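A.B. asks: Output the structure for:
(chains A and B)
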Protein chains: 2
Amino acid sequence: MDLGSLFSPSSVAIVGASRDPKKFGNVVLNNFMLTFKGKIYPVNPKVDEIMGLKCYPRVSSIKDKVDLAVIIVPSDVAIETVEDCGKKGVKSLVIITSGFSEVGDREKENRLGEVIKKYKMRAVGPNCLGILDTYSGVDTIFNPQYKLNRPSKGPISFVSQSGALGAAVLDWAHSEFVGMSKFVSYGNGIDLRESELIDYLGSDETTRAIALYLEGLEDGHKFIETCMRVSKKKPIIALKAGKSEAGSKAAMSHTGSLAGSANVFSGVFKQCGAIEVGDVDELFDLSRILAYQKPLAGNRIAVVTNGGGFGVLAADAIEECGMKLATFSPAAEKLLRDSMPPHVNVRNPMDLVGDADTKRYKDALDIIAKEDGVDCILVILLMQVSTLGSDVIDSITEVYKNKKKPVVACSAGGNFTQLHMHALEKEGIPAYPTPRKAVKAIKALWEYGKIKNKNKKIE
Amino acid sequence: MDLGSLFSPSSVAIVGASRDPKKFGNVVLNNFMLTFKGKIYPVNPKVDEIMGLKCYPRVSSIKDKVDLAVIIVPSDVAIETVEDCGKKGVKSLVIITSGFSEVGDREKENRLGEVIKKYKMRAVGPNCLGILDTYSGVDTIFNPQYKLNRPSKGPISFVSQSGALGAAVLDWAHSEFVGMSKFVSYGNGIDLRESELIDYLGSDETTRAIALYLEGLEDGHKFIETCMRVSKKKPIIALKAGKSEAGSKAAMSHTGSLAGSANVFSGVFKQCGAIEVGDVDELFDLSRILAYQKPLAGNRIAVVTNGGGFGVLAADAIEECGMKLATFSPAAEKLLRDSMPPHVNVRNPMDLVGDADTKRYKDALDIIAKEDGVDCILVILLMQVSTLGSDVIDSITEVYKNKKKPVVACSAGGNFTQLHMHALEKEGIPAYPTPRKAVKAIKALWEYGKIKNKNKKIE
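C.D. replies: A predicted model of the protein is given here:
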């Protein structure tokens, strides 16, 4: 499926562009001017020029070709505007305009759908936030930039049935240094919905993990078929809302989704190889690790820490998640014993003790990374101690890059700590603030390993 | 129990004070000079003066009375140093020095204990971080301030069996704007341990919630008796590590604690009215709400949101946590219907829709806060939208202060959002980044209401 004209158009028309900074048509035009590399055509019959760009009365009056049109006009003129786009040969639409089935006007939405089909256009929306593509610079998000920071480039793509939730996640992702490739809020989903978008992202080069927020599914079979296929290539992480009776009623009122029972959905996700999460922060936590690290071959985890308490909590979480503390080989134990001071116990979880420095981390990690009986290393760093320097980040990164073993970090604290967590993130090592969050993320890597293996056997 | 000389001494001796900024004896002296209002006596036989303060060769050479001595000397001179403190009439000790039972030298620890008993001193430690009291300025935390930000004044006190974990939590608390009163890391617990500290904090004026990190208990019966008594007055929130087999072994190696089985401990907490949590972030999440808000009378929750998806997730979490979405009275429904635009559905969760402004929040909250059938209001704010202004914070705060109904907030996002979350926190309204976190916190308020009621009936 080619959605190139949607995500990486060479030219875009902003239909409903405005001079008024409070209007969505101004925010969206401004977004494109900030980040989009292709040609931008503002469309508004009432003005000749906006922010230095020539303004066109309608899309069909633009002489050059238009790949994508972003529709921000009032709903009563939306259909004729889309018809004009069709006549002009526009390939893709992002229809931000609301006032269709979500306010009960299904008839108007049907008519809109017919026009889109007639001209064989592909459309996102209506009643949506639309698209953010950090690589191409397409950004139809009409929230002001000072209220919603856009995430930096990265390997996660996110498809959301809820615009507001999607906006919050994008903004949060920026502050957590989580990089994203594509974001799609498809609103009423007149044409493109979850399944086709997942399919597209499955082949998208810059997407390494696909995150989903869903209330309902338009076509369950299509969703299962798509996810089964895509999850062989890339991890899919799904947050399903409306699983309870109370939530299901709320979802019906929100997106008109028949949410269905909790068990049915969990079964669907399991069947199609999608990894289910229970809350927004988990959607983040798991997407990050799955996008950056390779799946685990097994469930034997080594823990290296300078805080005993965090080590104990990690051991608890590992057992709770059905994984195991790795057993070190006698050879490794001897090497560890020889390189560690006497007050350090040489066992897993490996507590380097409160006075650990970078060298102690490096020595322990070097030995443990070579162990065949270790499938993943969880490095816990409590950066508050005076003995531990910033160069511990380099040692961890080096081990991760040389040994090609999954390495995950855990570090809790304020500014100084967060600086170092972000440094690890940038090197592809996700860092979590609590042992349980880190272990749950590792569990997802293990689960995805099983999903890939299972699929291999089927093929 | 009077531990005033420990937490609010009028004079303190820093024994092992140092001129070398890398030494703990320098960091601790510096801490006191920054925040402590009483008299400070550096003690070090090798120098006459440190950072402008006269330095004494030993504690007994100080002429004025000394309430508290912080011991940071090497372990081989610790016992004679403590003996000297006893002779001088020092009332309390924080013994940071390590090298006792934690490295296998139980005999030395016993001798230390005998000296402390002989002079009827009270002691925290050895092998500990010691005490932070944000009100008195006592701060024996030997981590450099640039690596470990101290939290601001606030209603939570925290007792931790692990120093490193405690340090991380303090630092994190600062960055999350969570205010604290007292922190105690008691290390090997030669004298004061969890139960006596809980007892003291139960009567401490500036403590409104007591958070605990435990690996094991020295005296289970004493702990139960203490918590049963204190939990009638103040909420106790406990994180127990070493509940799994793997974790229990790790705890034995870390603090020498016989961790005991998961079920036994959960039973103990339930029996004595402590609220158990499963991870470090939850210790925070629950301590904050329990310190700031009054317990719930019932489990009927009203949700007000400008993001439908977050409303659906909140409804799911409320049902999952055994609580209920409140039903609005017909009178309230009519008032809501009259004050809301037609595209807003008047039901719970109350979705004010993406174009909601402050007035819509204010109108909805004013009506809902008067409902007898509502025990708590969860306000979800997605601040990314252009229509919602910062003054929504004032409206929420006003409702909370006038109606005296518990109000909890949920808001996810980056800088702009976090600014507003912190503004709410400062007014005593805890703000959580996800619906499930907010609802779990509300559940703890409900649970604590039941604990208080149960205790009332027993009395």
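A.B. asks: Could you report the neighbour count for residue A:296?
C.D. replies: 22 (other C-beta atoms under 10 Å in any protein chain shown). The C-beta positions use only the backbone N, C-alpha and C, and glycine is treated the same way.
A.B. asks: ok, now which ones touch it?
C.D. replies: Applying C-beta atoms under 8 Å, 6 or more residues apart in numbering or on different chains to residue A:296 gives the contacts A:375-376, A:406, A:442, A:445-446, A:449.
A.B. asks: now the strands for the stretch 1-150 of chain A?
C.D. replies: A:11-15, A:39-43, A:49-50, A:53-54, A:68-71, A:92-95, A:122-124, A:130-133 (DSSP state E, counting those that start in this stretch).
A.B. asks: that older thread, and the contacts of residue A:296, which is closest to residue A:58?
C.D. replies: Distances from residue A:58 to these, taken as C-beta to C-beta, are shortest for residue A:445 (51.4 Å).
A.B. asks: isn't the closest one right next to residue A:376, touching?
C.D. replies: Yes: using C-beta atoms under 8 Å, residue A:445 makes contact with residue A:376 at a distance of 6.8 Å.
A.B. asks: neighbour-wise, which of the two wins?
C.D. replies: Shown here are residue A:445 and residue A:376; by other C-beta under 10 Å, residue A:376 has more neighbours (27 against 24).
A.B. asks: Would you mind listing what in the stretch 351-459 of chain A touches chain B?
C.D. replies: Applying C-beta under 8 Å from any C-beta of the partner chain, we find that the stretch 351-459 of chain A lies next to chain B at A:351, A:354, A:382-386, A:411-418, A:433-437.
A.B. asks: what about 7 Å?
C.D. replies: When proximity is defined by C-beta under 7 Å from any C-beta of the partner chain, the stretch 351-459 of chain A lies next to chain B at A:351, A:354, A:382-386, A:412-417, A:433-434, A:436.
A.B. asks: Please identify which pair of those residues lies farthest apart.
C.D. replies: It's A:386 and A:436 that sit farthest apart of those, by C-beta to C-beta, at 27.3 Å.
A.B. asks: how about residue A:35, what does it touch?
C.D. replies: Contacts for residue A:35 (C-beta atoms under 7 Å, 6 or more residues apart in numbering or on different chains) come out as A:137, A:139.
A.B. asks: I meant residue A:111, not that one.
C.D. replies: Each residue near residue A:111 by C-beta under 7 Å, 6+ apart is listed here: residue A:79.
A.B. asks: if we can go back for a sec, name the residues contacting each of residue A:445 and residue A:376.
C.D. replies: Counting by C-beta under 7 Å, 6+ apart, the residues touching both residue A:445 and residue A:376 are A:296, A:406.
A.B. asks: Just confirm yes or no for the lowest-mean-pLDDT helix or strand in chain A near chain B.
C.D. replies: Lowest on mean pLDDT, DSSP states H and E among the helices and strands of chain A sits helix A:245-255, with a mean of 83. Yes: judged by C-beta under 7 Å from any C-beta, helix A:245-255 comes into contact with chain B at A:245-247, A:250-251, A:253-255.
A.B. asks: Give the buried residues for that helix.
C.D. replies: Across helix A:245-255, burial judged by 16 or more other C-beta atoms under 10 Å in any protein chain shown covers A:246-255.
A.B. asks: can you dump the C-alpha coordinates of that helix into CSV?
C.D. replies: What follows is helix A:245-255 as a C-alpha-only set of coordinates in CSV (Å, rounded to 0.1, in the frame of the first residue of the first chain):
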residue,chain,number,x,y,z
GLU,A,245,-18.7,-2.2,31.4
ALA,A,246,-18.4,1.4,32.6
GLY,A,247,-15.6,2.1,30.1
SER,A,248,-17.4,0.4,27.3
LYS,A,249,-20.4,2.7,27.7
ALA,A,250,-18.1,5.7,27.8
ALA,A,251,-16.3,4.5,24.6
MET,A,252,-19.7,4.2,22.9
SER,A,253,-20.4,7.8,23.8
HIS,A,254,-16.8,9.0,22.8
THR,A,255,-16.0,7.3,19.5
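A.B. asks: helix or strand right after that helix?
C.D. replies: As assigned by DSSP states H and E, the chain's next helix or strand after helix A:245-255 is helix A:262-272.
A.B. asks: Would you mind getting the angle between that following helix and helix A:245-255?
C.D. replies: Interaxial angle of helix A:262-272 relative to helix A:245-255 (axes from the mean of the first three to the mean of the last three C-alpha atoms, to 10 degrees): 70 degrees.
A.B. asks: counting contacts, what elements does helix A:262-272 pack onto?
C.D. replies: The contact analysis (3 or more C-beta pairs under 7 Å, 6 or more residues apart in numbering or on different chains; DSSP states H and E) places helix A:262-272 against helix A:220-230.
A.B. asks: Okay, buried residues for the helix it packs on please.
C.D. replies: Applying 16+ other C-beta under 10 Å to helix A:220-230 flags A:222-224, A:226-228, A:230 as buried.
A.B. asks: After that helix, which helix or strand is next?
C.D. replies: For helix A:220-230, the succeeding helix or strand toward the C-terminus, using DSSP H and E, is strand A:236-240.
A.B. asks: Each with direction, which strands does that next one pair with?
C.D. replies: strand A:209-214 (parallel), strand A:275-277 (parallel) (DSSP bridges).
A.B. asks: so of those, which one's packed in deepest?
C.D. replies: Neighbour counts (mean count of other C-beta atoms under 10 Å in any protein chain shown) averaged over each of these peak at strand A:209-214, with a mean of 26.
A.B. asks: quick revisit: for residue B:183, which of the strands paired with strand A:236-240 is the nearest?
C.D. replies: Counting by C-beta to C-beta, residue B:183 lies closest to strand A:275-277 out of the strands paired with strand A:236-240; the figure is 33.1 Å.
A.B. asks: re earlier: pLDDT and secondary structure for the contacts of residue A:296 - can I get that in a markdown table?
C.D. replies: Shown next, in a markdown table, are the contacts of residue A:296 (pLDDT from 0 to 100; DSSP: H, G, I helix; E, B strand; the rest coil):
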| residue | pLDDT | secondary structure |
| --- | --- | --- |
| A:375 | 97 | coil |
| A:376 | 97 | strand |
| A:406 | 94 | coil |
| A:442 | 98 | helix |
| A:445 | 97 | helix |
| A:446 | 96 | helix |
| A:449 | 94 | helix |
